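A.B. asks: pasting the structure only:
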């Protein structure tokens, strides 16, 4: 239906989506000018840029010791967080020497006139609580996922620029700063009988237009947008504020795979948050997910069923599932191969329906006992080339 003359049109597509250059989910690792790089001879690693993965602060620090994090946050320019690929309770149990392995690896990265590795400290982030699983519940990938690393300035800058290091099955991890946190642009997850791998681009735009239309008509949504516009000292009219608030929205296709191997195509609604404040962003997302039912003609759009079921137990992205992780698809990848086993994430700490019966321990056995793509390792499983493969530094590792 054509909107009245002068009224904003939720189906308008010219110049949209806006702000794509700011969308963190579209970025790669190794962005910008490279800092000082290590001297030749360091251990073999993946050199190809891989997709940048956004992990918001509330997910990064979930179930983590606040006292421990507070101490690290007092020195945010010294510490970084390491997130193992596939990290969680099962990983920590099966790879108890992760910290030692990483320290040995990092000892091979020397800069400038260095002849010996710098002092460094690697310590596992402790859980806020030791939860025990209930019947049918899996905590295999429960947070905390990460480790804290204190190291020298050159190594820290280079690691943050690299953002992901892959040097072996048990030595693959991402690096996140403590002095800056990103917001995910994920808003909602849509499913419907008209959302399939064969859905046309025009149909997708029609779905998006109806999502905007429904949100614009919602009183609470409209009030929140106007209030945020005034808070930001904007001179936009209420109608202009609604258009601006949703102009960056777009639908990203993703596939959910259940324990039986059934794929379900969904659309993930992404868009620029109205605020950098974490609580305000979560309020924004909650409002959108609680609006009246979205209809596209006679087709009902479901925004509930898959909202918490699209996330990757490997890289921790919330825009795809484990079986479709794009991080490991570069040719010089030396980490675990997601195709060797495909565990699906827990939802609210619990498996969904029949997925509760899936044994994560079997999946993990397949994962950590498998060598993925990449150059062949020697019989010791050592990746090193040149100096430093077995170098022992002066730092400490505490698990």
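C.D. replies: That came through fine. Since the structure is predicted, the reported quantities are computational estimates derived from the model, not experimental observations.

A.B. asks: Which strands and helices lie in contact with the host helix or strand of residue 67?
C.D. replies: Element membership of residue 67 [criterion: DSSP states H and E] is helix 66-73. For helix 66-73, not one helix or strand is in contact under the criterion 3 or more Cβ pairs under 8 Å, 6 or more residues apart in numbering; DSSP states H and E. To be clear about C-beta, it is placed using only N, CA and C from the backbone, and glycine gets the same treatment.

A.B. asks: where does residue 196 land in three-state SS?
C.D. replies: Under DSSP: H, G, I helix; E, B strand; the rest coil, residue 196 falls in the coil class.

A.B. asks: Now for the residue nearest to residue 242 when sequence neighbours are not counted: which residues touch it?
C.D. replies: Ranked by Cβ to Cβ, 6 or more residues apart in numbering and with sequence neighbours excluded, the top spatial neighbour of residue 242 is residue 216, at 5.0 Å. The contact partners of residue 216, taken as Cβ atoms under 8 Å, 6 or more residues apart in numbering, are 8, 10, 222, 242, 246.

A.B. asks: Now pLDDT, secondary structure and distance to residue 331 too, for those, in TSV please.
C.D. replies: Below are the contacts of residue 216 laid out as TSV (pLDDT from 0 to 100; DSSP: H, G, I helix; E, B strand; the rest coil; distance: Cβ to Cβ, whole Å):
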residue	pLDDT	secondary structure	distance to residue 331
8	88	coil	47
10	96	coil	43
222	95	helix	49
242	96	helix	45
246	97	helix	39
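
A.B. asks: Make a markdown table from these and add neighbour count and distance to residue 273 to it.
C.D. replies: Formatted as a markdown table, the contacts of residue 216 follow (neighbours: other Cβ atoms under 10 Å; distance: Cβ to Cβ, whole Å):
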| residue | neighbour count | distance to residue 273 |
| --- | --- | --- |
| 8 | 17 | 21 |
| 10 | 20 | 20 |
| 222 | 17 | 17 |
| 242 | 22 | 16 |
| 246 | 26 | 12 |
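
A.B. asks: and the gap between residue 174 and residue 328?
C.D. replies: 12 Å (Cβ to Cβ, to the nearest Å).

A.B. asks: residues shared between the contacts of those two?
C.D. replies: Residues touching both residue 174 and residue 328 by Cβ under 8 Å, 6+ apart: residue 85.

A.B. asks: ok, back up a step: would you mark the buried spots in the helix or strand harbouring the residue nearest to residue 242?
C.D. replies: According to DSSP H and E, residue 216 maps onto helix 201-217. Buried residues in helix 201-217, counted by 16 or more other Cβ atoms under 10 Å: 204, 206-216.
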